[in-house]
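# Got a predicted structure here, sequence first:
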Amino acid sequence: MYKKITGTDAYQEPMLISPSAHFSMGGLWVDYELQSNLPGLFVLGEANFADHGANRLGANSLLQACVDGYFILPHTLMHYLAGETALGARKLAAEERLLQEARARIDLLQNIKGMRTADQFHRALGALLTQKCGLIRERGQLQEGLKEVKELQKSFYEDLFLPETGEGLHMELEKALRVEDYLELAQLIFTDALQREESCGAHFRVEYQTEQGEAARNDAEFQFVSAWESTSEGFQLHREALHFQYMQPQERSYQ
Amino acid sequence: MKLTLKIWRQPNPRAKGTFETYSLEDLNPAMSVPEMLDVLNEQLMAAGKTPIAFDSDCREGICGQCGFVINGDVHSPERGATTCQTHLRSFQSGDTLVLEPFRAKAFPIKKDLCVDRRALDRIIMKGGYISVQTGQAPEANSTRIPLEQAETAFEAAACIGCGACVATCKNASAALFTGAKISHLALLPQGEPEAAKRVQAMVAQMDVEGFGACSMTGACEVVCPQGVSIAHIVRMHAEFWKS
């Protein structure tokens, strides 16, 4: 696999290794039945927040796919469907309104007629997150980064360029709609990193470390899951306490 | 490095397509082919032209979204690689690359290099699922499967549904894709309840979608980025006669 990607043979030459963003921790909030806060919308696998804790490692995606898809959802979804009437019996009143909202969102982006492509905004956002909210996080940098994401979001709405593509598929519009979402999600990532004044899992704040440079947790104040709700006044935090019955969290140390 | 690209441009499914020529300079040999197209699209947009539509998502060879034909090779001149796992170092500076979409009757062209592969989804919908167990979740060790059988099922399950097998087949047959899906479930006890119904329905759907018949040339196995074996086609036939 390494040879396929880099073209060099790891048996002959040293491997080149660098950290890179792979996952964002967390996902959509779900209850024990994997149902989100929207009735009937079930979220499973990597899209939900449920199983991985503060560090999403490679095998977590497999675990979530297997456990959610094979063991949990077949039972909880059936339970939900048992209480539903046949499809089509209910008219979705919100349907027409949602369609209009989606059209309005697309029109808004298409009417900006600026100079920068969605990819350019995407790359700028990626660099910002990597530099200011990456492996090592610090309060001042996070505050600065959050401000810069907001500025980037502002210039996205002033300077986005979408090419004329005629009818049919519009890949650039699709990208732009995603980047629009990423800009909002990035603000949440910064907000959450600022709020959590401890180090834990993949979240390492320089202010909170042991003498050996290991992550220093603050279980008394932060032993909870941060469930953020998007409201008209911004992100609102709901704390979901974590209870450990059989094993207690310990300090991770590579010493 | 420098490359000349001849790319299939087709604005919509009904329009007549044509090849257009582009030149790119200062390319990094470590770039993947989709990354090269990103660069080209930036340049096209800066010049006020329509960017090239092409599919790609994970760009690490596991999602099955990308894929087009490069100089007659489906996906890649390399074995066992998707288009996104093909890097410019596979070519020489000064080369001309002809890029065209996967061609098959069942894969109508949506735009440029994008094809509609929903025919594969509809084959899955006809039987690529298992019964739901009600009651408590089963104890994992209560269903024992011999290692060899589990591994063979896993090889079949490695299919990412990219459609390269169809694109390379002279009959545009989806036998390797469908064979892998049927084989995967036929080898596991979970797939038993619907085994007979599944193979009948999925094979019938291949014909409905306009895929050709399999004449066992084995070309599909050669281009399959996951190296799915044509032994799964044989198992599909066996399952079909059993049903």
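Noted; the coordinates are in hand.

# okay, now the domains of chain B?
For chain B, automatic domain parsing gives the domain ranges B:3-111, B:117-131+B:141-242.

# so how far does the first one reach from one end to the other?
It stands for domain B:3-111. With C-alpha to C-alpha, to the nearest Å as the measure, the ends of domain B:3-111 fall 23 Å from one another.

# Now do that domain, average pLDDT.
Domain B:3-111 carries an average pLDDT of 95.

# for the chain, what spans make up the strands?
Unless you meant another one, I'm taking chain A. Here chain A has its strands, by DSSP state E, at A:224-231, A:234-241.

# try chain B instead
Remark: strands of chain B, listed N- to C-terminal, are B:3-9, B:18-24, B:69-70, B:73-74, B:96-100, B:109-111, B:114-115; assignment by DSSP E.

# Take those strands and lay them out in CSV including distance to A:Leu169.
C-beta coordinates here come from the backbone N, C-alpha and C atoms, glycine included. Conversion of the strands of chain B to CSV gives the following (distance: least, C-beta to C-beta, whole Å):
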stretch, distance to A:Leu169
strand B:3-9, 13
strand B:18-24, 17
strand B:69-70, 19
strand B:73-74, 22
strand B:96-100, 17
strand B:109-111, 4
strand B:114-115, 6
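
# what would these look like in TSV with distance to chain A and mean neighbour count?
As requested, those are arranged in TSV below (distance: least, C-beta to the nearest C-beta, whole Å; neighbours: other C-beta atoms under 10 Å in any protein chain shown):
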stretch	distance to chain A	mean neighbour count
strand B:3-9	12	17
strand B:18-24	15	13
strand B:69-70	16	21
strand B:73-74	16	22
strand B:96-100	15	17
strand B:109-111	4	22
strand B:114-115	6	22
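
# rewinding a little: could you export the domains of chain B as TSV, including distance to A:Cys66?
As requested, these are arranged in TSV below (distance: least, C-beta to C-beta, whole Å):
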stretch	distance to A:Cys66
domain B:3-111	17
domain B:117-131+B:141-242	13
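
# Nearest to A:Arg103 among the ones you listed would be which one?
Comparing the domains of chain B against A:Arg103 with C-beta to C-beta, the closest turns out to be domain B:3-111 (20.6 Å).

# Pull out the buried residues from the longest helix seen in chain A.
Taking residue count as the measure and DSSP state H as the definition, the longest helix of chain A comes out as helix A:171-195. Buried residues in helix A:171-195, counting neighbours by 16 or more other C-beta atoms under 10 Å in any protein chain shown, are found at A:171-173, A:175-177, A:179-180, A:182-183, A:186-194.

# tell me, which of these make contact with chain B?
Intersecting the buried residues of helix A:171-195 with the contacts of chain B gives A:171-172 (criterion: C-beta under 8 Å from any C-beta of the partner chain).

# Any figure for the gap between B:Glu155 and chain A?
Using C-beta to the nearest C-beta, to the nearest Å, B:Glu155 is found at 17 Å from chain A.

# dump the residue contacts of that residue.
Shown in contact with B:Glu155 (C-beta atoms under 8 Å, 6 or more residues apart in numbering or on different chains): B:228-229, B:232.

# again, only using 7 Å
Residues touching B:Glu155, when contacts are defined by C-beta atoms under 7 Å, 6 or more residues apart in numbering or on different chains, comprise B:228-229.

# mind checking pLDDT for it?
In this model, B:Glu155 is scored at 96, pLDDT.

# Please report how far it lies from B:Leu187.
Summarising the geometry, the distance separating B:Glu155 from B:Leu187, computed by C-beta to C-beta, to the nearest Å, is 10 Å.

# OK, contacts around the residue nearest to the spatial centre of chain B?
By C-alpha atoms, centre = their mean, the mean C-alpha position of chain B lies nearest to B:Cys162, the distance being 1.7 Å. B:Cys162 sits next to B:64, B:67, B:82, B:225 when contact means C-beta under 7 Å, 6+ apart.

# what sits against B:Ile7?
Neighbour list for B:Ile7: B:19-20, B:22, B:52, B:99 [criterion: C-beta under 7 Å, 6+ apart].

# swap the cut-off to 8 Å and go again
Contact partners of B:Ile7, counting by C-beta under 8 Å, 6+ apart, are B:19-20, B:22, B:52, B:99-100, B:112-113.

# B:Ile230 too?
Applying C-beta under 8 Å, 6+ apart, the residues contacting B:Ile230 are B:176, B:179, B:216, B:218, B:220-221.
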